[in-house]
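Enquirer: here is my input, please return the structure:
(one chain, ligands or ions: 1)
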Amino acid sequence: MRRNRALVLDTSSIINGYPPEETLEKFTVPEVVEEAKATVTASSMGVLMERGEMRVWDASTGSVEQVEEKLGEIGGKLSTADVRLVALALDLAGRGLKPVLVTDDYGLQNMASVLNLEFKSVVTPGIKSVFSWRGVCPACGKNWDGDVERCPDCGTPLRKEVSRRPI
Ligand SMILES: [Zn+2]
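Expert: You can find the predicted model right below:
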């Protein structure tokens, strides 16, 4: 049986506009609504909720504790609103939905990954780095970019390594 996807909106996704899946149910926590109200006018926020397009639910204490514990383990930092938002996503998963955290915040995206929750971004691409290959000489330790098989300095066959660089 396929589980229904539901969007879980963070402050930035509410401010930056709707994600494309208009028909999916949308959820957020009261703390995020408060944050978003600072930027989005109260009237447009009201419209969003009056049309029943966004459900504002409290996160359960158990899920909040679970998120805080995991956050401590990975040494991450999230705002109170964001911790509660991730906790709400866990709650929804517990209710048989498939929550998708909609956020451009890398900290939130990372937390979602750690908890095996799906996420998607609204504005920015959801990746921070690109992979490339380089050759590392086991003898002299020099790095060579590109498709080089032997160390140009000492002739030793190079070891291929993945190198990550930020975009
Ligand atoms: Zn070498």
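Enquirer: buried ones in stretch 96-104, by neighbour count?
Expert: By neighbour count on 16 or more other CB atoms under 10 Å, the buried set for stretch 96-104 is Leu97, Pro99, Val100, Leu101, Val102, Thr103, Asp104. Placement of C-beta: from N, CA and C, glycine included.
Enquirer: what about the second one, which SS state?
Expert: Secondary structure assignment for Pro99 (DSSP: H, G, I helix; E, B strand; the rest coil): strand.
Enquirer: now for it: which residues touch it?
Expert: Arg5, Ala6, Leu7, Val8, Phe27, Leu88, Ala89, Leu90, Leu92, Ala93, Leu117, Glu118 (CB atoms under 8 Å, 6 or more residues apart in numbering).
Enquirer: so what's it bridging to?
Expert: Judged by DSSP bridges, the bridge partners of Pro99 are Ala6.
Enquirer: buried ones in stretch 24-33, by neighbour count?
Expert: Under the neighbour-count criterion of 16+ other CB under 10 Å, stretch 24-33 has Leu24, Glu25, Lys26, Phe27, Thr28, Val29, Glu31, Val32, Val33 buried.
Enquirer: could you do stretch 137-153 as well?
Expert: Of the residues in stretch 137-153, those buried by neighbour count under the rule 16+ other CB under 10 Å are Cys137, Trp144, Cys151.
Enquirer: leaving out sequence neighbours, find the closest residue to the residue nearest the centre of the chain.
Expert: The centre of the chain sits closest to Gln109, judged by CA atoms, centre = their mean, with a distance of 1.3 Å. Computed as CB to CB, 6 or more residues apart in numbering, the closest residue to Gln109 that is not its neighbour in sequence is Phe119, at 5.0 Å.
Enquirer: that's a strand at the one you found, yeah?
Expert: Yes - judged by three-state DSSP, Phe119 forms part of a strand.
Enquirer: what sits against it?
Expert: By CB under 8 Å, 6+ apart, the contact set of Phe119 is Val100, Leu101, Val102, Thr103, Leu108, Gln109, Ala112, Ser113, Gly126.
Enquirer: can you rerun that using 10 Å?
Expert: Phe119 makes contact with 8, 10, 86, 89, 99-105, 108-113, 126, according to CB atoms under 10 Å, 6 or more residues apart in numbering.
Enquirer: and it, bridged to which residues?
Expert: With DSSP bridges as the rule, Phe119 is bridged to Leu101.
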